[in-house]
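Colleague: Take this sequence and fold it.
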Amino acid sequence: MAMNKAFTFRIKNICFDENYQPSDNTRITTNFANLARGESRQENLRNTLRMIDNRFNNLAYWDNPSGDRYSVNLEIISVEMGVDTQDDSEVFPLIEILETNIIDKKTGERIDGIAGNNFSSYVRDYDFSVLLPEHNNNKSTFSTPDDFGDLHGKLFKCFVNSDVYKENFNKPPVICISASSSKTYHRTENRHPILGVEYQQNESSSTDQYFEKMGLQVRFFMPPNSSAPLAFYFLGDLLLDYTNLELIGTISTMETFQKIYRPEIYNANSSAGKVYQPSLKNQDYSLTQIVYDRVERSQLAIKQGKFAEERFIKPYKNILEQWADNYAL
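Modeller: Residues are numbered from 1 along each chain as shown. Down below sits the predicted model:
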């Protein structure tokens, strides 16, 4: 579907299983791609998928006496944006997300899950790893540019409202990430049977504000038997728009990833209390048997932000600015 005469979207998908090999143009800081490299790659993938299935069956316990009725299939969705100019035509990797699909082994049914889950973007890497440090260089007080996230937000909204998205997905995306370690969360009396107990934060984070420009609002829930609340970014109504199994697919997938990536928070040996501040300095936690290089990932984000600057932001600056100025849903 054309965004305008200059832009088009295209979707590619690949199965995330124990045989997954990251493609050459996959963002290697993407969480699942990091797991699929090195000597332990296949064991990493196998253990990760087992953790997801076990957590899914733990939450989907009804009519599931042996705790093995369901299995989660994951697909990596890569969104490319074609940029056509008078002189050239180039495809740029815009967004990568995960889509869950649930296999009911009792009935043989394949149930659509939610698209979104893990969210990654070269343009976001540019905004946070290149633009923001440059903006705050030699400044005593941290701030963000007035238009911070505007372009990225409009590109995301345009994709979600495109025919390409609607042809491939039945419902709006839900992006699930870690709660912010710089904010404090207060437990409320609101409790959902699947999402668990709701928390509210003391103030919005820079990530919240960035995702808000993508048209997404946020709520924080700590699912049953979890250690900490997860942040759910969504359109519409998170509690009414999705089925229990759809929500469990997202929780089991993203909580598993967070246990691997942030064990200090999500694999902690004690659960969040009434007032909670996540901390990566927590020493009372358990490690998974999955190898993950967190330091490498932070370093690569800078490289990929510069890649976006050189291959997308600078070459198409005028086209992007003109489109963004005129863009409206």
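Colleague: where's Leu151, which helix or strand?
Modeller: helix 150-160 (DSSP states H and E).
Colleague: whoops, I mixed them up, Phe92
Modeller: Per DSSP H and E, the secondary structure element for Phe92 is strand 89-104.
Colleague: which residues sit against whatever helix or strand comes next after that strand?
Modeller: Going down the chain from strand 89-104, the next helix or strand is strand 109-121, by DSSP H and E. With contact meaning Cβ atoms under 8 Å, 6 or more residues apart in numbering, strand 109-121 is reached by 27, 29-32, 72-73, 77, 94-104, 152, 156, 168-171, 173-177, 233, 242, 245-247, 249-250, 253-254, 257. Placement of C-beta: from N, CA and C, glycine included.
Colleague: Does anything pack onto the strand holding Phe92? Which helices or strands?
Modeller: In this structure, strand 89-104 packs against strand 7-16, strand 70-84, strand 109-121, helix 122-126, helix 150-160, helix 244-261, with contacts taken as 3 or more Cβ pairs under 8 Å, 6 or more residues apart in numbering; DSSP states H and E.
Colleague: repeat that with 6 Å
Modeller: strand 70-84, strand 109-121, helix 244-261 (3 or more Cβ pairs under 6 Å, 6 or more residues apart in numbering; DSSP states H and E).
Colleague: Make JSON lines out of these and add distance to Met222 and mean neighbour count.
Modeller: Conversion of those to JSON lines gives the following (distance: least, Cβ to Cβ, whole Å; neighbours: other Cβ atoms under 10 Å):
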{"stretch": "strand 70-84", "distance to Met222": "20", "mean neighbour count": "19"}
{"stretch": "strand 109-121", "distance to Met222": "18", "mean neighbour count": "20"}
{"stretch": "helix 244-261", "distance to Met222": "10", "mean neighbour count": "24"}
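Colleague: Which one of those lies nearest to Asp325?
Modeller: Among those, strand 70-84 comes nearest to Asp325, with 16.9 Å by Cβ to Cβ.
Colleague: Give me the contacts around that closest one.
Modeller: 6-8, 10-16, 52-53, 56-57, 60, 90-103, 249, 316 (Cβ atoms under 6 Å, 6 or more residues apart in numbering).
Colleague: filter these to the buried ones?
Modeller: By the neighbour-count criterion of 16 or more other Cβ atoms under 10 Å, the contacts of strand 70-84 include these buried positions: 6-8, 11, 16, 52-53, 56-57, 60, 92-103, 249, 316.
Colleague: so where's the stretch 201-329 of the chain shaky on pLDDT?
Modeller: Low-confidence segments of the stretch 201-329 of the chain, defined by pLDDT under 70, are located at 294-298, 329.
Colleague: Please enumerate the helices of it.
Modeller: Per DSSP state H, counting those that start in this stretch, the stretch 201-329 of the chain carries helices over the ranges 206-212, 244-261, 263-266, 294-308, 317-326.
Colleague: Gln21 belongs to a strand?
Modeller: No - residue state for Gln21 (DSSP: H, G, I helix; E, B strand; the rest coil) corresponds to coil; a strand is not indicated.
Colleague: Check the gap between it and Leu45 for me.
Modeller: Taking Cβ to Cβ, to the nearest Å as the criterion, Gln21 is separated from Leu45 by 10 Å.
Colleague: which one of these two has more residues nearby?
Modeller: Leu45 (19 against 10; other Cβ atoms under 10 Å).
Colleague: wait, doesn't that one sit right on Glu18?
Modeller: Yes - applying Cβ atoms under 6 Å, one finds Leu45 in contact with Glu18, separated by 4.4 Å.
Colleague: Just give me the neighbour total for Asp284.
Modeller: When counting by other Cβ under 10 Å, one arrives at 8 neighbours for Asp284.
Colleague: ok, Ile290 - contacts?
Modeller: The neighbours of Ile290, taking Cβ under 6 Å, 6+ apart as the test, are 44, 47, 260.
Colleague: And these, which is closest to Asn267?
Modeller: Taking Cβ to Cβ as the measure, Asn267 lies nearest Ile260 of the contacts of Ile290, at 8.3 Å.
Colleague: my read: that closest one touches Tyr292, true?
Modeller: Yes - applying Cβ under 6 Å as the test, Ile260 and Tyr292 come out as touching, 5.3 Å apart.
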